[in-house]
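S.K.: Need coordinates for the below:
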Amino acid sequence: METNSKLEERFARSLASNDTRTRSRTLKRLTQWVVARSSIEDGFTELEFLKLWKGLYTCMWHSDKPLVQEELVDSLAGLLVMMRRPDAALQYLRTFFTTIAREWHSIDRLRLDKFYLLLRKMLGQSFKLLQNSQWDEEVVQEFISIIKDGPLNHDLGKTTLGVQLHVLEVYVSELLMCSPVEGGVDLLNPPLALLANTRDTTVSGCIVRSVLDVLDTSTLDQLQLTPEAVSDALRAMAINRDTLGRNRKLLYTHCKRFSSDECPPPDSGCGLPQPKRFKRKSKGKIKIKKKIKKKMKKKL
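M.R.: Next up is the predicted model:
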């Protein structure tokens, strides 16, 4: 009987085949095997999923026809909600983001659209997974950790700009597909935390445009949020000592939009220790003091 390691390697080789039929048959067998094994506690290790994703990525790379691509994307993303244990599904999601970040720069422009579609579907099915878990707090917090450590990490050494921007663009729209949403404020934490820490103005502009600007009354109702809750979340990010200064001003600006109360002005520091300010002496006073010192030395 084959060991799990050898079986995964065989799956990966078959998925990388140039023959469409071979890839299709392998994908069906792989789906059945993964779903069955996901019922076992600690059924998969991170390394095992990384090996599988290497083969799945290559399979996605080889699929050229639009209908074939869409069917494959639905199959890969659908595994998230087919798995019998949320911890296995979340491990599958984490290793997906690791793989896509590693391979992103090797994707040519002709293949970008199908990988953008894969990113969107994986994110959408992730929210579906949370919904199926009845918005279980432990599952939600693990998902948030995966997103903050992966695609919405402010350190671009752990993700890529292309992945980050696309996830931000579809984040709220995919979340709304699972409305009504419980724990909406927590699920907004990854993009808001990125807004507090990013050094890239393109990223901060994307967060404002794709996340904050779409939070109108209807959207807030679907997310079961109040404007004050969003304002409080923005204020919490703004007063964090690790928040970049220029981003703090941006957070306060949008804090005012959602708050019925007056937020502290951007330059107030909101409780942060303020640096001492020294008055700059005029050049005239400095010259007079120098002359007095010279006269004192001559007298001595």
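S.K.: top helix in the chain by residue count?
M.R.: helix 112-132 (DSSP state H).
S.K.: Tell me which residues are up against that one.
M.R.: 60, 63, 69-70, 73-74, 76-78, 80-81, 86, 89-90, 93, 96, 100, 104, 107, 136, 139-140, 143, 151, 162-163, 166-167, 170-171, 174-175, 177-178, 181, 187 (C-beta atoms under 8 Å, 6 or more residues apart in numbering). All C-beta spots, glycine's among them, are computed from the backbone N, C-alpha and C.
S.K.: List the buried residues in the next helix or strand after it.
M.R.: Counting by DSSP states H and E, the next helix or strand C-terminal to helix 112-132 is helix 137-149. By neighbour count on 16 or more other C-beta atoms under 10 Å, the buried set for helix 137-149 is 139-140, 142-144, 146-149.
S.K.: And for stretch 178-198?
M.R.: Quick answer for stretch 178-198 (16+ other C-beta under 10 Å): 178, 181-198.
S.K.: what's the neighbour count on the residue nearest to residue 160 when sequence neighbours are not counted?
M.R.: Distance criterion C-beta to C-beta, 6 or more residues apart in numbering; nearest residue to residue 160, sequence neighbours excluded, is residue 104 at 4.5 Å. If you count neighbours by other C-beta atoms under 10 Å, residue 104 ends up with 16.
S.K.: and the angle from the longest helix of the chain to helix 137-149?
M.R.: Counting by axes from the mean of the first three to the mean of the last three C-alpha atoms, to 10 degrees, helix 112-132 lies at 160 degrees to helix 137-149.
S.K.: hang on, the earlier thing: buried subset of the contacts of helix 112-132?
M.R.: 60, 63, 69, 73, 76-77, 80, 86, 89-90, 93, 96, 100, 104, 107, 139-140, 143, 151, 162-163, 166-167, 170-171, 174-175, 178, 181, 187.
S.K.: any idea of the mean pLDDT in the stretch of helix or strand residue 231 belongs to?
M.R.: Using DSSP H and E, residue 231 falls within helix 227-238. Averaged over helix 227-238, pLDDT sits at 93.
S.K.: Quick one: residues contacting the residue positioned nearest the centre of the chain.
M.R.: For the chain, the residue nearest the mean C-alpha position is residue 152 (2.7 Å; C-alpha atoms, centre = their mean). By C-beta under 8 Å, 6+ apart, the residues touching residue 152 are 159, 164, 167-168, 190-191, 193-194.
S.K.: For residue 147, see how far away residue 201 is.
M.R.: 21 Å (C-beta to C-beta, to the nearest Å).
S.K.: for residue 96, same thing?
M.R.: Going from residue 96 to residue 147 by C-beta to C-beta gives 12 Å.
S.K.: Any stretches of this structure with poor pLDDT?
M.R.: 1-5, 8, 16-18, 260-300 (pLDDT under 70).
S.K.: and it, what are its domains?
M.R.: Domain assignment for the chain by automatic domain parsing gives 1-108, 134-270.
S.K.: quick one: the residue nearest to residue 189 when sequence neighbours are not counted from residue 28, how far?
M.R.: Nearest non-adjacent residue to residue 189, counting by C-beta to C-beta, 6+ apart: residue 144, 5.9 Å away. Residue 144 sits 33 Å away from residue 28, taking C-beta to C-beta as the criterion.
S.K.: Which members of the buried ones among the contacts of helix 112-132 are positioned in helices?
M.R.: Using DSSP H, the buried ones among the contacts of helix 112-132 in helices are 60, 69, 73, 76-77, 80, 86, 89-90, 93, 96, 100, 139-140, 143, 162-163, 166-167, 170-171, 174-175, 187.
S.K.: gap between the residue nearest to residue 189 and residue 192?
M.R.: For residue 144, the distance to residue 192 equals 11 Å [C-beta to C-beta].
S.K.: Same question for residue 92.
M.R.: Counting by C-beta to C-beta, the gap from residue 92 to residue 192 is 26 Å.
S.K.: wouldn't residue 82 be in contact with residue 32 here?
M.R.: No: the criterion here is C-beta atoms under 8 Å, and residue 82 misses it with residue 32 at 9.8 Å.
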